[in-house]
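Q: coords below, sequence missing:
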């Protein structure tokens, strides 16, 4: 399975755990502590502020990275909108991935930049 510049073995190589969620499962809620980030390997995840879905993250997309990086509470709620499989990345895992595969940090930054550009276009 390709993931941007990565393949599925990328997560296996660095012992990144995978987790499955059923449609409707809340992955995290707004104001929760931000200890994990996620990469979508299958399915879709709705990101909502209050009751408003502000983004749907699909295959190979990331979410949860802001709270992981700045240690602030979650700014939104993430909910599986279909059966979903996610790579679950801790802060230590993120640091290790960046150290061993610097291109991963570029991938994350590009995803964040695209999200920011999209949000700016809708304002």
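A: Okay, I see it. Here the structure is a predicted model, which means the values were calculated and not measured. Numbering: from 1, shown residues only.

Q: Residue 27 touches residue 38, doesn't it?
A: Yes - Residue 27 lies in contact with residue 38 (C-beta atoms under 8 Å); the separation is 6.9 Å. Any C-beta I mention is one placed from the backbone N, CA and C, and that applies to glycine too.

Q: got any ranges where this structure has weak pLDDT?
A: 1-8, 123 (pLDDT under 70).

Q: Check it for its longest helix and report it.
A: Counting by DSSP state H, the longest helix found in the chain is helix 103-122.

Q: before we move on, back to that, intersection of neighbour lists for residue 27 and residue 38?
A: Shared contacts of residue 27 and residue 38 (C-beta atoms under 8 Å, 6 or more residues apart in numbering): 45, 64, 78, 86.

Q: what's the closest of the residues you listed to residue 11?
A: Nearest to residue 11 out of the shared contacts of residue 27 and residue 38 is residue 86 (C-beta to C-beta; 10.3 Å).

Q: how many neighbours does that closest one have?
A: 27 (other C-beta atoms under 10 Å).

Q: For it, which non-adjacent residue is spatially closest?
A: Counting by C-beta to C-beta, 6 or more residues apart in numbering, residue 86 lies nearest to residue 38, which is 4.4 Å off, once chain neighbours are set aside.

Q: Contacts for the strand or helix carrying that neighbour next, please.
A: For residue 38, the host element (DSSP states H and E) is strand 36-42. Contacts of strand 36-42 with the rest of the structure, by C-beta under 8 Å, 6+ apart, involve 1, 3, 8, 11, 18, 27-28, 45, 57-65, 68, 78, 83-90, 94.

Q: I am finished for the moment; much appreciated.
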